[in-house]
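In: When you get a sec, could you give me coordinates for this:
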Amino acid sequence: MIEITLKIDPANKLLVSHLMAMIAIMADVEPQVEPEKVNIFEKKLLEKTDNILKLQETEQKPETAVPSKTLQQVREVLGTKVEAHRDAVKAKLTELGAKNISQLDAKYYDQFFDFLTAL
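Out: I've put the predicted structure just below:
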């Protein structure tokens with residue numbers, strides 16, 4: 001049996017992530033240390049590792065905000081505003097990366113709706 005002692009700064013995320021990868025690879029191996037013999041440092045390290053894993057999972061999940069307005073609702077308001085404010089509407093669509101309402105990304109529906117209602 002090989003015994004390895006590591007002193008790791010939990011703030012060093014790169015080192016901790018490499019350690020977590022090593023632990024994950026070894027996860028299928030039964031522990032050879034009785035639970036009551038695990039010292040406080042090891043328990044704290046495992047807690048911090050678990051917290052970092054949860055943090056990484058959270059960071060990897062992109063937030064996808066669901067717009068509260070639908071394309072149909074945006075179109076309805078656009079229909080009432082476009083005659084009087086054509087240039088402003090075109091400029092706002094261009095700013096949001098769309099040539100027309102059909103090309104507007106759904107994540108901008110709420111913002112564009114608010115813009116239109118403010119006209």
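
In: Show me the helices in this protein, by range?
Out: 13-25, 40-60, 71-81, 86-95, 109-118 (DSSP state H).

In: I'd like those helices as CSV, with mean pLDDT, mean neighbour count and distance to residue 3 appended.
Out: C-beta here means a position set from N, CA and C on the backbone, and glycine is covered the same way. Putting the helices of the chain into CSV (pLDDT from 0 to 100; neighbours: other CB atoms under 10 Å; distance: least, CB to CB, whole Å) gives the following:
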stretch, mean pLDDT, mean neighbour count, distance to residue 3
helix 13-25, 71, 13, 15
helix 40-60, 69, 12, 13
helix 71-81, 93, 14, 63
helix 86-95, 94, 14, 62
helix 109-118, 94, 16, 58
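
In: Now do the same contact list for residue 116.
Out: By CB atoms under 8 Å, 6 or more residues apart in numbering, the contact list for residue 116 reads 74, 77, 78, 81, 89.

In: of all those residues, which comes closest to residue 48?
Out: residue 74 (46.3 Å; CB to CB).

In: isn't the closest one right up against residue 112?
Out: Yes. Counting by CB atoms under 8 Å, residue 112 is a contact partner of residue 74 at 5.9 Å.

In: Now list whatever residues contact both of the two.
Out: Taking CB under 8 Å, 6+ apart as the contact rule, residue 74 and residue 112 both touch residue 104.

In: that older thread, just put the contacts of residue 116 in a markdown table and tack on distance to residue 68.
Out: Formatted as a markdown table, the contacts of residue 116 follow (distance: CB to CB, whole Å):
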| residue | distance to residue 68 |
| --- | --- |
| 74 | 11 |
| 77 | 13 |
| 78 | 16 |
| 81 | 19 |
| 89 | 20 |
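
In: If we ignore the residues flanking it in sequence, what's nearest residue 96?
Out: Sequence neighbours aside, residue 108 is the residue nearest to residue 96 in space, at 4.7 Å (criterion: CB to CB, 6 or more residues apart in numbering).

In: Many thanks, have a good one.
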